[in-house]
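> Just a sequence and a predicted model for now, questions to come.
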Amino acid sequence: MMAEVLSLVSAVLILAGCGCCLIGALGMLRFPDFYTRMHAAGITDTMGSGLLLIGLILQPESHWLVIAKLCFILIFIPLTSPTAAHALAKAARKGGLAPLLGPQGSERSRPSPPEQEESNG
Amino acid sequence: MIEFVINVVLLSFLVLLALTIARTKDLLSSVMLCGLYSLVSAVFFVTMDAVDVAFTEAAVGAGISSLLMLAAMMVTSRYEKANSIQPKAALVVVFLTGVLLFYGLIDMPMFGDPNTPVQQQVSSHYIEESMEEIGIPNMVTSVLASYRSYDTFGETVVIFTAGIGVLALLGGRGAGIRKPSSPAASRSAFPDHLILRVISKLLIPPIMLFALYVQFHGDYGPGGGFQAGVIFAAAIALYAMVFGFERARKRFPLPVIRFVSAVGVLLYGSVGMVSILNGHAFLDYHALSANALSGQHLGIFLVELGVGITVTSVMILLFFTFSERAMQSGGQE
């Protein structure tokens, strides 16, 4: 009984994590500029990987060593990916990339093609 | 069925990535895409149950080589030159090579065919006897560091030679002459990136600890000297990028690293020499101890340590040399 509940919960979490990754990927493709795309990539990093990892931890046949390793990843990803996103956004601001939306740069930055930043997220 | 679908998806990803890399003129994008290519191929290796190879591919291909490419790119320009290749001649060459490769593919056995020469000769011996002869659970390590330690010695020497080559090209003239506080050096120190500094300070010790785990746990799980060396070097490169090259070079002085990179190869070679001097073949670990299994353990430990030391120091050496040269050329502009 316990194992079935666990595997059901884990399956739901893994599916939800996959859904978050899909949403993030869709956002990366569809969002207009660098900063909004980073926002979409953030969903993949936090919700996507977090839910996937929790789902994998809850798998009933997981060995405790595997669970410990997954817990380490679960601790490190929330530390690294926001930091990377922060550094990326800061570098973009410093490099003079104005956001497309918002008060500062709606006219100014229109002509700049957003294709260059696709690989950065 | 599902495995077939996964393989097809991953392989088509690889083809698409390769085409994109060939098409793009932006070198930064191609470096990033190359990292992605390595990650996808690492996933592909995992689906084929080759976790050691996948680990190496992820650590070397996606990790340190992207970093080294970026460091090398700081020396050159960011964009490819417009007409640097003749498309027609290149197309002919690529087409002919492709035809030859497909011709060669006809003779290859089917994937996973048990009747191939590869499966029938030594590999079944390795698989069946490894636990008794070597006594470590990870068969890949026993092949890499004991049965085939000759080849691994060659690989280590190749890495060492690569380090020497880069030093000979870039590290010679003017490498020791440095202005004490050039603006380029302080620019790379990220004085305003407080978050980056705090998180890096938090993360560098666990990364180094993980590298040591990979190094010494290679007998039992995926890992070994190559991966561990790369991870250790990545931690030091992170330190150098966040806290500035001046500080990193004070902590890890280049002459010491240069010396240490030779020590690793020397350690590997001396294990072989000890075997010879004791009347065994080169790199025959039975010479190291009266007990066969403990001799194997000691030999694998020492050899992996040598690999790890050399890989770490050569990677740091490459990174430092590239970034130093980039700073010098940046300061001249």
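Yep, it's here.

> near chain A, which residues of the stretch 51-200 of chain B?
B:193, B:195-196, B:199 (C-beta under 8 Å from any C-beta of the partner chain). To be clear about C-beta, it is placed using only N, CA and C from the backbone, and glycine gets the same treatment.

> for chain B, which helix is longest?
Across chain B, the longest stretch assigned as helix under DSSP state H is helix B:292-332.

> Going by contacts, tell me the helices and strands next to that one.
Contacting helix B:292-332 under the criterion 3 or more C-beta pairs under 8 Å, 6 or more residues apart in numbering or on different chains; DSSP states H and E are the following elements: helix B:65-75, helix B:139-142, helix B:149-170, helix B:183-187, helix B:194-216, helix B:225-243, helix B:245-251, helix B:254-277.

> residue contacts, the closest residue to A:L79 other than its chain neighbours?
Spatially, and ignoring its direct neighbours in sequence, A:L79 is nearest to B:I199 (5.9 Å; C-beta to C-beta, 6 or more residues apart in numbering or on different chains). The contact partners of B:I199, taken as C-beta atoms under 8 Å, 6 or more residues apart in numbering or on different chains, are A:79-80, A:83.

> One more pass at 10 Å, please.
B:I199 makes contact with A:79-80, A:82-84, A:86-87, B:193, B:242 under the criterion C-beta atoms under 10 Å, 6 or more residues apart in numbering or on different chains.

> picking that back up, what is the nearest of the residues of the stretch 51-200 of chain B next to chain A to chain A?
B:I199 (4.3 Å; C-beta to the nearest C-beta).

> where are the low-confidence patches of chain A?
With pLDDT under 70 as the threshold, chain A has low-confidence stretches at A:102-121.

> what about the helices in it?
In chain order, chain A shows helices spanning A:2-30, A:34-43, A:49-57, A:64-94, with DSSP H as the criterion.

> re earlier: what subset of the contacts of B:I199 is buried?
For those, a neighbour count by 16 or more other C-beta atoms under 10 Å in any protein chain shown gives the buried set as A:83, A:87, B:193, B:242.

> possible to save the residues you listed as CSV with distance to A:G27?
Below are those laid out as CSV (distance: C-beta to C-beta, whole Å):
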residue, distance to A:G27
A:T83, 21
A:A87, 20
B:H193, 26
B:V242, 29
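
> mind listing what B:K201 touches?
Here B:K201 is in contact with B:239, B:242-243 (C-beta under 10 Å, 6+ apart).

> and of those residues, the nearest to A:L101?
When these are ranked by distance to A:L101 (C-beta to C-beta), B:V242 comes first, at 30.9 Å.

> Is it correct that that closest one is in contact with B:L202?
No - under the criterion of C-beta atoms under 10 Å, B:V242 is not in contact with B:L202, lying 11.4 Å apart.

> residues near B:P205, how many?
For B:P205, the count of nearby residues is 10 (other C-beta atoms under 10 Å in any protein chain shown).

> Next, work out how far apart it and B:S130 are.
Between B:P205 and B:S130 the distance, using C-beta to C-beta, to the nearest Å, works out to 35 Å.

> again, but for B:G306
Going from B:G306 to B:S130 by C-beta to C-beta gives 21 Å.

> contacting residues for the nearest residue to A:L58 once chain neighbours are set aside?
Using C-beta to C-beta, 6+ apart and skipping the chain neighbours, the partner closest in space to A:L58 is A:S10 (3.9 Å). Going by C-beta under 10 Å, 6+ apart, A:S10 touches A:54-60, A:62.

> Mind doing that once more with 6 Å?
With contact taken as C-beta atoms under 6 Å, 6 or more residues apart in numbering or on different chains, A:S10 is in contact with A:55, A:58-59.

> Burial check on A:A40, number of neighbours?
Other residues within reach of A:A40, judged by other C-beta under 10 Å, total 18.

> ok, now B:I207?
17.

> roughly how far apart are the closest residue to it other than its chain neighbours and chain A?
Across the structure, with C-beta to C-beta, 6+ apart as the measure, the residue nearest B:I207 apart from its sequence neighbours is B:A235 (4.1 Å). Here B:A235 is placed at a distance of 13 Å from chain A (C-beta to the nearest C-beta, to the nearest Å).

> Could you do B:F259 as well?
To chain A, B:F259 is 33 Å away according to C-beta to the nearest C-beta.

> who's in contact with B:T141?
Neighbouring residues of B:T141 by C-beta under 6 Å, 6+ apart: B:218-219, B:224.

> Repeat the analysis, applying 8 Å as the threshold.
Applying C-beta under 8 Å, 6+ apart as the definition, the contact partners of B:T141 turn out to be B:52, B:218-219, B:223-224, B:300, B:304.

> Go ahead and confirm B:S38 touches B:A62.
Yes - the criterion here is C-beta atoms under 8 Å, and B:S38 meets it with B:A62 at 4.1 Å.

> low pLDDT regions in the stretch 1-150 of chain B?
Counting by pLDDT under 70, the low-confidence segments of the stretch 1-150 of chain B come to B:83-85.

> before we move on, the earlier item: lowest average pLDDT across the helices and strands packed on helix B:292-332?
Considering these one by one, the lowest average pLDDT is found for helix B:183-187, at a mean of 50.
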